[in-house]
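Engineer: coords below, sequence missing:
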């Protein structure tokens, strides 16, 4: 055989040696640089890989000392792990597929501190999703704090009744009640006419005569009875609806009193100390950073697992005649597939956890199974499911954690804030993403707190005495138009304490303002209550009386043998 000549054999062996040397010398550094570059493009912060080792013959890849920094908190890592070992199918690799049949990831940790900043020289712009979270949760709210020192003892606060929303609403309700009163003023006369018809019907029933005449009279009385009762019931239903509408307006006016008071105080240069804004100022910045990071990575993972739409092939030159013979594979694989991986690591408090990752693929419809991540410890559990098998795809993350350490967390800002010296928290939540729509809720219960206040001196005693608080975040909607709300009892406690510590002049002015508003409000509220009482006595009372009179009179005057005809 001519191809087995010595020269050909030496050339083949030499080429194989060169390929092996190239792989041994250059493959690992190239893979390491590619992993760092791709990771930093995704994270927007530094990605460090301590070591990377690959073996083409054994089909294995190992990583160690991997850390991914948090772009929102550059002195922390989002995640780091000690070692990862992947077993790659060599048969699939020959067909241009990366199939990891088995893997292990050990020493996984979250939120660990860094010795150096993880920020990159080139900053990455936040995504629309991140901007939505940061703007709705993280924007600082003054909440009237800056005006505490501006309150003057000689500030004169006057009330303009024409500008108070609560009084306007009372006026509207009273005008509505007057219109209803006018509409029902003729009802008593109408009911008197109805009573005359009733008496006539009773007399006809009591009149003597044969059975046929009595039956005819009973039938006529039945028709009048139903007409009278239907009329009274319709009037009663309409009046009750009118009364309920007016009462609702009165309740709305009561709720507007507080808003009017805040508006007048703000116009006079006095603080309103809104509790919701105080809660947002204290908790918003830290929660916004962590929440935006979590949503970003959830959205990033969902997009990477979604199958990319097929692109049309570019036109090529006409090839010579030939036949392509395709041999069907027994088990076709996507371009990338991680079948399963064991995961282990440690929480911030030192508790160990274990878990499993499976079904991570570039073509979920082909693989036919969702990607799943399950982690569990004695005080921690999370389940993440990314289902891209069918369009538009969905993702859901559920988590529970007890005893989360809060030491070192910074609340608020330099003007109003505190550093948590001691404290732990319980967290519960679920986040769902269906197509492009987000829904979810996060609840946080912090206790055993020891805070080191900073900024506003008046707030320091309150923050030092704060031992616990609750917070809840709700989200719904799509991308930039997402709705995010933060509720917490920390703002209410702080607002009450700050007002209590405010100057005597401020307290006196607030009290005087509330008294003036109460006088104006009570006068209009009393007039409305009086109008409502008049409606109930002059309109509703006669209706009820008429309804009862119709039923009683006909029941007592009904001839024997015909009473069953009039039962309702």
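Structural biologist: Okay, I see it. Since the structure is predicted, the reported quantities are computational estimates derived from the model, not experimental observations.
Engineer: number of nearby residues for residue 90?
Structural biologist: 12 (other Cβ atoms under 10 Å). To be clear about C-beta, it is placed using only N, CA and C from the backbone, and glycine gets the same treatment.
Engineer: contacts only, for the nearest residue to it once chain neighbours are set aside.
Structural biologist: Among residues not flanking residue 90 along the chain, residue 59 sits closest, at 4.4 Å (Cβ to Cβ, 6 or more residues apart in numbering). Residue 59 is in contact with 87-90, 93, counting by Cβ atoms under 8 Å, 6 or more residues apart in numbering.
Engineer: of those, keep whichever come out buried.
Structural biologist: Among the contacts of residue 59, those scoring as buried are 87-89 (criterion: 16 or more other Cβ atoms under 10 Å).
Engineer: ok now the lengthiest helix in the chain, how far from the chain's centre?
Structural biologist: Counting residues, the longest helix found in the chain (DSSP state H) is helix 211-267. How far helix 211-267 lies from its chain's middle: 39 Å, per Cα atoms, centre = their mean, to the nearest Å.
Engineer: packing partners of whichever helix or strand comes after that helix?
Structural biologist: Using DSSP states H and E, the helix or strand that follows helix 211-267 towards the C-terminus is helix 275-305. With contacts defined as 3 or more Cβ pairs under 8 Å, 6 or more residues apart in numbering; DSSP states H and E, the packing partners of helix 275-305 are helix 128-137, strand 380-387, strand 394-405, strand 410-412, strand 416-434, strand 468-478, strand 483-488, helix 490-501.
Engineer: point out the most buried one among those.
Structural biologist: strand 410-412 (a mean of 21; mean count of other Cβ atoms under 10 Å).
Engineer: following element in sequence after the helix or strand of the chain at the bottom of the mean pLDDT ranking, please.
Structural biologist: Least confident helix or strand, the chain: helix 6-22 with a mean of 50, by mean pLDDT, DSSP states H and E. Reading on from helix 6-22 to the C-terminus, the next helix or strand found by DSSP H and E is helix 28-43.
Engineer: mean confidence score for that following helix?
Structural biologist: With pLDDT averaged residue by residue, helix 28-43 scores 87.
Engineer: do the same with stretch 337-355
Structural biologist: 88.
Engineer: residues in contact with residue 129?
Structural biologist: 292, 295-296, 299, 479-480, 482.
Engineer: try residue 370
Structural biologist: Residue 370 sits in contact with 359, 364, 385-389, where contact means Cβ under 8 Å, 6+ apart.
Engineer: not counting sequence-adjacent ones, nearest residue to it?
Structural biologist: residue 387 (3.8 Å).
Engineer: could you chop this structure up by domain?
Structural biologist: 45-118+335-385, 126-155+272-306+393-501, 156-271+516-566 (automatic domain parsing).
Engineer: dump the ones you listed into a markdown table; add distance to residue 39 as well.
Structural biologist: As requested, the domains of the chain are exported to a markdown table (distance: least, Cβ to Cβ, whole Å):
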| stretch | distance to residue 39 |
| --- | --- |
| domain 45-118+335-385 | 4 |
| domain 126-155+272-306+393-501 | 12 |
| domain 156-271+516-566 | 47 |
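Engineer: please name the residues that touch residue 338.
Structural biologist: 86, 100, 103, 357-361.
Engineer: out of the residues you listed, which end up buried?
Structural biologist: 86, 100, 103, 357, 359-361.
Engineer: next one: residue 443 from residue 427, what distance?
Structural biologist: Remark: distance between residue 443 and residue 427 (Cβ to Cβ, to the nearest Å) = 7 Å.
Engineer: ugh, wrong one, I meant residue 109
Structural biologist: For residue 109, the distance to residue 427 (Cβ to Cβ) stands at 17 Å.
Engineer: got it, and residue 277?
Structural biologist: With Cβ to Cβ as the criterion, residue 277 and residue 427 are 24 Å apart.
Engineer: pick out the most distant pair among the contacts of residue 129.
Structural biologist: Greatest spatial distance among those (Cβ to Cβ): 296 and 480, at 13.9 Å.
Engineer: which of the two has more neighbours?
Structural biologist: Per other Cβ under 10 Å, whichever of residue 296 and residue 480 has more neighbours is residue 296, with 21 against 11.
Engineer: so who does the nearest residue to the more buried one once chain neighbours are set aside touch?
Structural biologist: Leaving aside its sequence neighbours, residue 296 sits nearest to residue 130 (Cβ to Cβ, 6+ apart; 5.5 Å). Residue 130 sits next to 292, 295-296 when contact means Cβ under 8 Å, 6+ apart.
Engineer: wait, which of those is closest to residue 41?
Structural biologist: The closest of those, once distances to residue 41 are taken by Cβ to Cβ, is residue 296, at 13.3 Å.
Engineer: what lies in contact with stretch 474-488?
Structural biologist: 128-129, 131-133, 136-137, 276, 279-280, 282-284, 287, 431, 436-441, 469-473.
Engineer: circling back to that earlier point, would you check which pair of the contacts of residue 59 lies furthest apart?
Structural biologist: Of all pairs in those, the most separated under Cβ to Cβ is 87 and 93 at 11.6 Å.
Engineer: hmm, back to that, from the contacts of residue 129, which is closest to residue 177?
Structural biologist: Using Cβ to Cβ, residue 482 comes nearest to residue 177 of these, at 42.6 Å.
Engineer: show only the entries of the contacts of residue 59 found in helices.
Structural biologist: Mapping the contacts of residue 59 onto helices (DSSP H) picks out 90, 93.
Engineer: neighbours around residue 533, how many?
Structural biologist: 10.
Engineer: quick one on the thing from earlier: any idea which of the domains of the chain scores lowest on pLDDT?
Structural biologist: Mean pLDDT, when computed for each of the domains of the chain, is lowest for domain 156-271+516-566, at a mean of 74.
Engineer: residue 409 touches residue 422, doesn't it?
Structural biologist: No - assessed by Cβ atoms under 8 Å, residue 409 is found out of contact with residue 422, at 10.8 Å.
Engineer: alright, I will stop here.
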